[in-house]
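> okay, here's the prediction I keep looking at, along with the sequence it came from:
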Amino acid sequence: MTYTAPLQDMRFVLRKLCDLDAISQLPGLEEATPDMVDAILEEAAKYAGLELSPLSRSGDLAGLGFEDRRVTMPEGWKTVYDMLVEMGWNSPSASPEYGGMGLPFVVNACIQEMFHGANMAFQLCPMLTQGAIEALECYASDTLKETYLPKLVSGEWTGTMNLTEPQAGSDLAAIRSKAVPEGDCYRISGQKIFITYGEHDLTDNIIHLVLARLPDAPAGVKGISLFVVPKVMPDGAPNDVHCVSIEHKLGIHASPTCTLSFGDSGGAVGYLVGEVNRGLEYMFAMMNNARLNVGIQGIGVAEHACQDAAAYAADRRQGKVDGVEGSAAIIHHPDVRRMLGIMKSRTEAARILAYRAAAALDFAHRAVDPEARDRAQRRVDLLIPVVKGCSTEMSIQTASLGIQVHGGMGYIEETGVAQHLRDARITTIYEGTTGIQALDLTGRKILRDRGAAVQEIIDDMRLSAAELACESSPHGDWTLLSRSVSHAADTVETATRWLLDAGKETAHTQAASAMNVLELFGLSLGAWALGDAALAAAGEPAAGGQSDHAGAKIRLAEFYAQQVFPEALARLSAATDGASSVLALAPSDLHSVA
Amino acid sequence: MKVLVPVKRVIDYNVKVRVKAGGSGVDLANVKMSMNPFDEIAVEEAIRLKEAGKAEEIIAVSVGVKQAQETLRTALAMGADRAILIVAADDVHTDIEPLAVAKLLKAVIDEEQPGIVLCGKQAIDNDMNATGQMLAALTGWAQATFASKLEIDGDSANVTREVDGGLQTIKVKMPAIVTVDLRLNEPRYASLPNIMKAKKKPLDEKTAADYGVEVAPRLEIVSTAEPEARAAGIIVGSVDELVEKLKEAGAV
């Protein structure tokens, strides 16, 4: 079914839970007033629903052409890409200095969610370009910026990230691609795999950002440098980089995943970004945004799965339900409603957390007070692995439940909802697997500052719990909500304390429990997010009319408190009492014997 | 030449319309509203005239509640140069009747002296299909309704109209009122830079009293009812059976 942007919820989250008013008063963001943001989201929603969404299914079915080192995109994709460029949707947050619109990250988060929800395989292309723009904005020389940024910002050219090699996946220290100095540039050679949009026919040029080693570079992560390698040189000559194959994948069929070969005929010309041997550091600085975007991608796909499942459940009639005349629409069956409730409450909780992370990024970049900037940056750093890890895992669960709601029809490709599951399945793998996010959360984000950033979020959660306890408007079980947010704060606190204690003993123990810690963080912060949403909704003037927005927010929060959050308690038990059983498993225990 | 484009804020075409309890009208509380699609086509045509060098300035005007300024901002983001909002109602449920709207537009025309007025043939909310015609009567200008093609030729316009029997092309003297139909063009999306520029374009806010026009309704709504739900269909086995069933139903 065609995707419809959830504008009402997006506006609600922006205004009531992300303080859009304050963001539009930050220096440089003055134009992003709430009414302007409304107008922007309305237009983005039209493009997402009317242009991107219809091509998602046809692109999935048609897939890609590959012949003579060239990739052909599915029919209609070039037209819609040209439209994206013409309408200025390629990189809404890029700096006005290079032709961008300089919109707040949190507004861009809404736009990205819509475009991914409408057509994830398409939006991967602008997402990668945005990553390349950010890397160049932060670290490239003025000459490189002037040559490449304006066309990347507009979308006239696209960008890629070349990290992975056959032997270097999660461990980038193993990178072997070479960069040999030659005059004021370098000759790059080597093979990169899994390069998203590494080759396509949407634009005349593709700008590859490539990690490679100089001949005298130290071994490991401290010897990797970052290079710009254009597909076509500034003088129009082709560079020595070619797509040698594309992958056949479970999902995102219309997104070309390429093996790129650099330097088959003497070496591709590359230009150093920043300083030598600091490539990985630059990549990681940029990775925050990329990971946030992949988390948002999961939310977009989950939202689309929710819409399809709710529409089907309202239409499909099976069996009898008390109080419903004749054959009942399956949405009236309690278990179907439970599934839809899990899908929707988890999607909305993930949206609030992701937008709050994006809003924190705006404050971290632009707040006037340095203390406020630091505090916001700590919040961003802590939330990123949770948003990336938990929103993407959630998207798989949601897409899978969406199929369950459809029953046998869902398993049939023709219905179209199986594509959500196939597309979502990659999101927990690329830009750092969920396991990597879990290690990032427990290691870099909790242990490194001895739980300081976590304590700040626990304080915020306790504040919300206290406010919920004081709320008295009708139609809400505020005791339940307050208790659930309070339990959520306890859960996060207990897990953090355990980590800090376990950390002293063995890194293995934390690693064995990292995934459970990540999951309980996601589930607990979700309870907090929906508690805040219920509070904000309770404060809304009585709306009347067709939609009971406030009531729905409160009921979803209550549902989450009772049906979803309890899993956090099981995760806590598995994390704090269960590491030893993970470590006790011998590798041989895990093989089957014939 | 100036082009005047009246635009109306209406219930969005994707929204399922529901009648208010009591039948006093359609429920518009908390419902997505957007520009009348026929008016979008009129705005687009005005922009094309400007791009072709046939017009210098596009003025969008709306009559209604204060929130209609969002609709005007959309017109400005698409490419209109400035906008006039005539606030004539406090409540979205108050519909301003075509004659009152036409009188207000006449007053705007007297001030602005446009060379052409491009408006939607009707608004999709109450389908009156009257404002353009009434405006032509009040101004004494030529009218060309249901336009599917428009060519400006000196001081006249050639307009192809969609009529019951097919297409009719007429030549009207300018200034003229042209009401546009669905197939005239496909409206553009507003680009992100243009949405942001639209905020800086002038939007004058007026009231009906500023123009001395009385907007109180002359019509009384007796009742509003939803159409009867369609009965379930049946599958017939053959053409003969179909004809028989139709005869039974008294349809042939």
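In hand now; what should we look at? It should be emphasised that the depicted structure is a prediction, and the values quoted were computed from it without experimental measurement. Numbers count the residues shown, from 1 in each chain, chains lettered A, B, ... in the order given.

> quick one: buried residues of the longest strand along chain B?
The single longest strand within chain B, with elements called by DSSP state E, is strand B:142-153. By neighbour count on 16 or more other C-beta atoms under 10 Å in any protein chain shown, the buried set for strand B:142-153 is B:142-150, B:152. C-beta here means a position set from N, CA and C on the backbone, and glycine is covered the same way.

> for that strand, name the packing helices and strands.
helix B:37-51, helix B:131-139, strand B:156-163, strand B:166-173, strand B:176-180 (3 or more C-beta pairs under 8 Å, 6 or more residues apart in numbering or on different chains; DSSP states H and E).

> and the ones you listed, which is most packed in?
strand B:176-180 (a mean of 26; mean count of other C-beta atoms under 10 Å in any protein chain shown).

> closest to residue A:550 out of the helices and strands packed on strand B:142-153?
Between residue A:550 and those, the shortest separation by C-beta to C-beta is 31.0 Å, and it involves helix B:37-51.

> chain A is nearest to which of the helices and strands packed on strand B:142-153?
Chain A sits nearest to helix B:37-51 of all the helices and strands packed on strand B:142-153, at 10.9 Å, using C-beta to the nearest C-beta.

> quick one: that closest one to strand B:142-153, angle?
Between helix B:37-51 and strand B:142-153, the angle comes out at 40 degrees (axes from the mean of the first three to the mean of the last three C-alpha atoms, to 10 degrees).

> which one of the buried residues of strand B:142-153 is nearest chain A?
Within these, the smallest distance to chain A is 22.1 Å, found for residue B:148 (C-beta to the nearest C-beta).

> correct me, but that closest one touches residue B:163?
No: look at residue B:148 against residue B:163 with C-beta atoms under 8 Å: they stay out of range, at 10.0 Å.

> quick check: closest non-adjacent residue to residue B:197.
Excluding its sequence neighbours, the residue lying closest to residue B:197 (C-beta to C-beta, 6 or more residues apart in numbering or on different chains) is residue B:77, at 7.7 Å.

> count the neighbours of that neighbour for me.
26 (other C-beta atoms under 10 Å in any protein chain shown).

> now residue A:574
So residue A:574, with other C-beta under 10 Å, has 19 neighbours.

> which residues touch it?
A:513, A:516 (C-beta atoms under 8 Å, 6 or more residues apart in numbering or on different chains).

> recalculate using a threshold of 10 Å.
Applying C-beta atoms under 10 Å, 6 or more residues apart in numbering or on different chains to residue A:574 gives the contacts A:512-513, A:515-517, A:519-520, A:581-582.

> quick one: which of those residues is nearest to residue A:387?
Among these, and counting by C-beta to C-beta, the member closest to residue A:387 is residue A:519, at 13.2 Å.

> next one, pLDDT for the closest one please.
With respect to pLDDT, residue A:519 has a value of 98.

> same check on residue A:292?
96.

> got the CA positions of stretch B:218-225 in PDB?
Only the C-alpha atoms of stretch B:218-225 are listed here, as PDB (Å, rounded to 0.1, in the frame of the first residue of the first chain):
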ATOM      1  CA  ARG B 218     -28.200  34.100   2.600                       C
ATOM      2  CA  LEU B 219     -28.800  30.300   2.300                       C
ATOM      3  CA  GLU B 220     -30.000  28.100   5.100                       C
ATOM      4  CA  ILE B 221     -28.600  24.600   5.400                       C
ATOM      5  CA  VAL B 222     -31.600  22.400   6.100                       C
ATOM      6  CA  SER B 223     -29.800  19.100   6.500                       C
ATOM      7  CA  THR B 224     -26.600  17.300   5.500                       C
ATOM      8  CA  ALA B 225     -26.600  13.600   5.100                       C
END
